[in-house]
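> when you get a sec, could you give me coordinates for this:
(chains A and B)
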Amino acid sequence: MAIRERLSGNEAVATAMKQINPDVVAAFPITPSTEVPQYFSQFVANGSVDTEFVAVESEHSAMSACVGASAAGARVMTATSANGLALMWEILYIAASSRLPIVMPVINRALSGPINIHNDHSDSMGARDSGWIQLYSEDNQEAYDNIIQAIRIAEHKDVRLPVMVCMDGFIVSHSVENIELLETEKVKEFVGEYDPGLDTLLNPEQPVAMGPLDLPPHYFEHKRQQAEAMKNAKEVILEIAKEFEALTGRKYGLFEEYKMEDAEVAIVVLNSTAGTAKEVVDELREKGVKAGLVKIRVFRPFPVEELREALKHVKAVAVMDKADSFSAAGGPVFVETRAALYDAETRPVMISYIYGLGGRDVKTDDIMKVYEDLLEIVKTGEVKSVYNYLGVRE
Amino acid sequence: MAKQMIEIRWHGRGGQGAKTASLLLAEAAFATGKFIQGFPEYGPERMGAPITAYNRISDSKIRIHSNIYEPDYVVVVDETLLKDVDVTAGLKKEGAIVINSEKSPEELRPLLKGYEGRVYTIDARKISIETLGKYFPNTPMLGAIVKVANIMEEEDFLKAMEESFAHKFATKPEVIEGNMEAIKRALKEVKGDER
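Next up, the predicted model:
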């Protein structure tokens, strides 16, 4: 029987970490992701986990300690947010290229500057090319479920890559909502015992060097292997989602399609805005408008073929980015989604909206405006503006 | 769906416990089997600054993740906010506003920019001082909104609050009785202009 609870997003993620009981957690508290390591340190203090908790002096050190512990063969987790993630940057790449299956909740918040602590996706979107798998979560339930699945994905022998599980700062991290928890025994059974294999620093039978200088004769081959692991991840993510569905009844894929079967206009979006947008889809459907929504769960690896299939029959699509990449040509989700459709024989008109930066609240009215813009494009066949900003004063 | 959802907006000042009250309300509604959201709007975090917190309470899963712009109910934890904040903004006229004040609803209505719905007041200061010996307006306000919005049976509410307080005040059980008394009095003493 699932456990009916009410938890904030931060509590949900910390609870998943407690149930997983990793060998090592190294973390630095940055406001306000502070709560995840803070809750977790309480679990350590009261003995509900036997994790080695390493309180470090910076996020750079947090990720460095995670790399060391993971290289030694431990199951390792941490948590961060915003500028904390930015300070980890250098070591993110080292974790990924060393093929270390570290799992990290990222509470999405704006990168300064201007100084801001509120929600957008500029932190994790900036880390999209670091080699980490990225899962995005609509609410506390999805964040909890993704963390549990992430352990298996990261540690899978065909993958061996670190995973970020992203959720919206404040909107989800600090909002108390209903959630269904698994019993701890079931979580433990699902994630299993970690088998780091033979290549660990603490295996005296097989001495290895980790992270040495990798000059031109081999560097490229290692990066090629890393790319292959990311490619493999797609299949593994789906396999593990199936197992998770058998356990919980909750279905996960590379993305969620909401009322897409016959959709003529659609929004592509990540995280909590998807929930708000579903309300708008329902409202439009009641009026007979064929509106749909695609919520991307797996952004790394990017589900190119699958998104192409999901979107190719739609007439007009708006891709929503809660981060600006300052390419002067749309946000990262837009650019990649539009590129995914390039090889399709028929493809929708596709426009970009950058929205919600620095915690600007996203209302149902805002989403309604996007669908109205799409419907206008379908009606007139004319695209007035490809690159748009939503809910900003200008 | 949206139709059976109650949306509540709390206005308070930093340090008065409006956020805590919204979380306690979420907890009590959760205990009676509802789907809930309780979340604050984080601004400058300092004592005395106006703060806003929100609740959604529904019979089905809540998917919307925005602030609340057209609340069914508004709770004003600090009367002085009536001058500074447009507390009735978007408030549905079928709904109601509950204000912490020693004044009567009729006296305060003129300050509410023509709001046509029901107006309630409760003297949370008096109740708090008499039951807790200190000024913690949030628990009386919580009792008042539960009564006004008819969110749940009083008996279920009191049971849920006792459990919440037992958990929240595990290290200082001596304040549980006073808080329970504050809530019970609020349920009785909230008075309304229900024209």
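> ok, which stretches of chain A are helices?
A:9-20, A:35-45, A:59-71, A:82-97, A:122-126, A:140-155, A:184-191, A:219-248, A:273-286, A:304-311, A:332-340, A:364-380 (DSSP state H).
> and chain B, which of its residues are near chain A?
Contact residues (C-beta under 8 Å from any C-beta of the partner chain) of chain B with chain A: B:1-2, B:23, B:26-27, B:30, B:35-40, B:42, B:61-67, B:69. Every residue, glycine included, has its C-beta placed from N, CA and C.
> before we move on, back to that, and of the helices of chain A, who's closest to chain B?
helix A:273-286 (3.6 Å; C-beta to the nearest C-beta).
> how far does that closest one sit from its chain's centre?
From the chain centre to the centre of helix A:273-286 is a distance of 22 Å (C-alpha atoms, centre = their mean, to the nearest Å).
> tell me if it is near chain B.
Yes - Helix A:273-286 reaches chain B (C-beta under 8 Å from any C-beta) through A:Thr273, A:Gly275, A:Thr276, A:Lys278, A:Glu279, A:Asp282.
> one step back: keep only those of the residues of chain B next to chain A that are in strands.
Of these, the ones assigned to strands by DSSP state E are B:Phe35, B:Ile36, B:Gln37, B:Gly38, B:Phe39, B:Pro40.
> quick one: least confident of those?
Of all those, B:Pro40 has the smallest pLDDT value, namely 92.
> contact partners for that one?
The neighbours of B:Pro40, taking C-beta atoms under 8 Å, 6 or more residues apart in numbering or on different chains as the test, are A:His174, B:Ala18, B:Lys19, B:Ser22, B:Ile51, B:Thr52, B:Ala53, B:Tyr54.
> between these, which is closest to A:Ala316?
Of all the contacts of B:Pro40, A:Ala316 sits closest to B:Tyr54, with 33.3 Å by C-beta to C-beta.
> next one, pLDDT for A:Gln42 please.
For A:Gln42, the model assigns a pLDDT of 95.
> what is the neighbour count of it?
A count of neighbours around A:Gln42, defined by other C-beta atoms under 10 Å in any protein chain shown, yields 13.
> next: the one 5 residues further on.
Under the neighbour criterion other C-beta under 10 Å, A:Gly47 is assigned a count of 7.
> from A:Pro29, how far out is it?
21 Å (C-beta to C-beta, to the nearest Å).
> flag the shaky bits of the stretch 201-350 of chain A, pLDDT-wise.
Within the stretch 201-350 of chain A, no stretch has pLDDT under 70.
> same question for chain B.
Residue ranges of chain B with pLDDT under 70: B:1-3.
> tell me the secondary structure at the residue in it sticking out farthest from the centre.
Centroid-distance maximum for chain B: B:Thr171 at 25.0 Å, with C-alpha atoms, centre = their mean. Put simply, B:Thr171 is coil when judged by DSSP: H, G, I helix; E, B strand; the rest coil.
> close to chain B: what parts of the stretch 1-150 of chain A are there?
Counting by C-beta under 8 Å from any C-beta, the stretch 1-150 of chain A comes close to chain B at A:Arg6, A:Pro32, A:Ile117, A:His118, A:Asp139.
> so who does A:Gly331 touch?
A:Met125, A:Val319, A:Asp321, A:Lys322, A:Ala323, A:Asp324, A:Ser325, A:Ser352, A:Ile354.
> now render those as TSV, adding neighbour count.
Converted to TSV, the contacts of A:Gly331 look like this (neighbours: other C-beta atoms under 10 Å in any protein chain shown):
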residue	neighbour count
A:Met125	23
A:Val319	26
A:Asp321	27
A:Lys322	28
A:Ala323	24
A:Asp324	18
A:Ser325	18
A:Ser352	23
A:Ile354	23
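> B:Met5 contacts B:Ile62, correct?
Yes - assessed by C-beta atoms under 8 Å, B:Met5 is found in contact with B:Ile62 at 7.0 Å.
> A:Leu198 contacts A:Pro204, doesn't it?
No - counting by C-beta under 8 Å, A:Leu198 stays clear of A:Pro204, with 11.1 Å between them.
> with neighbour numbers in mind, choose between these two.
Neighbours per residue, other C-beta under 10 Å: of A:Leu198 and A:Pro204, the larger number sits with A:Leu198, 10 against 5.
> just give me the neighbour total for the closest residue to that one other than its chain neighbours.
Nearest non-adjacent residue to A:Leu198, counting by C-beta to C-beta, 6 or more residues apart in numbering or on different chains: A:Gln206, 4.9 Å away. Neighbourhood size, A:Gln206 [other C-beta under 10 Å]: 9.
> list the contacts of A:Leu390.
Per C-beta under 8 Å, 6+ apart, neighbours of A:Leu390: A:Met320, A:Tyr353, A:Ile354, A:Tyr355, A:Gly356, A:Asp366, A:Lys369, A:Val370.
> same question but for A:Tyr353, I mixed them up
The contact partners of A:Tyr353, by C-beta under 8 Å, 6+ apart, come to A:Ala318, A:Val319, A:Met320, A:Asp321, A:Val370, A:Asn388, A:Tyr389, A:Leu390.
> just to revisit the earlier point, farthest-apart pair in the contacts of B:Pro40, please.
Among the contacts of B:Pro40, A:His174 and B:Ala18 lie farthest apart (C-beta to C-beta), at 14.3 Å.
> more neighbours: those two, which one.
B:Ala18 (27 against 22).
> now the more buried one. Nearest residue, chain neighbours left out?
Nearest one to B:Ala18, counting by C-beta to C-beta, 6+ apart, is B:Gly12 at 2.9 Å.
> roughly how far does the one you found sit from chain A?
16 Å (C-beta to the nearest C-beta, to the nearest Å).
> what helices or strands is whichever strand or helix holds that residue leaning on?
B:Gly12 belongs to strand B:6-13 when elements are defined using DSSP states H and E. Applying 3 or more C-beta pairs under 8 Å, 6 or more residues apart in numbering or on different chains; DSSP states H and E, we find strand B:6-13 packed against helix B:18-31, strand B:50-58, strand B:73-76, helix B:81-84, helix B:138-149.
> of all those, which lies closest to A:Ala12?
helix B:18-31 (14.2 Å).
> redo the contacts of B:Pro40 as TSV? Include distance to B:Val119.
Shown next, in TSV, are these (distance: C-beta to C-beta, whole Å):
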residue	distance to B:Val119
A:His174	31
B:Ala18	19
B:Lys19	24
B:Ser22	21
B:Ile51	22
B:Thr52	20
B:Ala53	21
B:Tyr54	21
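> nearest to A:Ser64 among the residues you listed?
Distances from A:Ser64 to the contacts of B:Pro40, taken by C-beta to C-beta, are shortest for A:His174, at 28.5 Å.
> so the closest one makes contact with B:Tyr42?
Yes - counting by C-beta under 8 Å, A:His174 touches B:Tyr42, with 7.3 Å between them.
> now for those two: what residues contact both?
With C-beta under 8 Å, 6+ apart, A:His174 and B:Tyr42 have common neighbours A:Pro32.
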